[in-house]
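Q: below is the structure, and that's it, no one-letter string:
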Ligand SMILES: O=C(CO)COP(=O)(O)O
């Protein structure tokens, strides 16, 4: 599975704790992240991470583009609900695309734990079928 991890500044310590705690589960998957979040995950876990640009510089949009290309199966986005973000429109756009494409999305630590445990127990496997169906549809369209 391809998992995207994103955390706002005040949530980055939580993200480090989360990815460290669930390293045994996430190590078997491809990890994508916005720039600074990705670096924190690399430093803390040593896992391989595909880093996009930093969020305010377009990272959320890059992940959104991957979502719309059916390349992301799960999004863990630890948002800071108490601080205004200069790139709020990008954040809303990413959340919207997750809903458009029915991508499992966690925006807080509690839901993140549920989704990562679900991932470990195979509950996200349906995404593989979803990807194959969509690929077939695209091929028929071309
Ligand atoms: O701002 C972000 C998401 O909206 C996160 O970006 P960084 O991981 O680069 O801090």
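A: Done, it's in. Quick caveat, the model's predicted, so the values are computed rather than measured.

Q: pick out the residue of this protein closest to the ligand.
A: The shortest separation between the chain and the ligand is 2.1 Å, found at residue 55 (distances taken as CB to the nearest ligand atom). For glycine as for every other residue, the C-beta is placed from the backbone atoms N, C-alpha and C.

Q: ok, and the closest non-adjacent residue to that residue?
A: If you skip the residues right next to it in sequence, residue 55 has residue 34 as its closest partner in space, 4.6 Å away by CB to CB, 6 or more residues apart in numbering.

Q: list the contacts for that neighbour?
A: Contact analysis of residue 34 by CB atoms under 8 Å, 6 or more residues apart in numbering lists 5, 6, 51, 52, 53, 54, 55, 59, 60, 63.

Q: helices along the protein, start to end?
A: If you assign secondary structure with DSSP state H, the helices in the chain sit at 12-21, 23-26, 35-45, 59-68, 88-100, 109-120, 126-141.

Q: out of these, deepest packed?
A: Most buried of those by mean neighbour count (mean count of other CB atoms under 10 Å) is helix 59-68; its value is a mean of 21.

Q: give me the contact list for it.
A: Residues from elsewhere that reach helix 59-68 (CB under 8 Å, 6+ apart): 2, 4, 6, 32, 34-35, 52-53, 72, 75, 87, 90-91, 93-94, 97-98, 100-101, 103.
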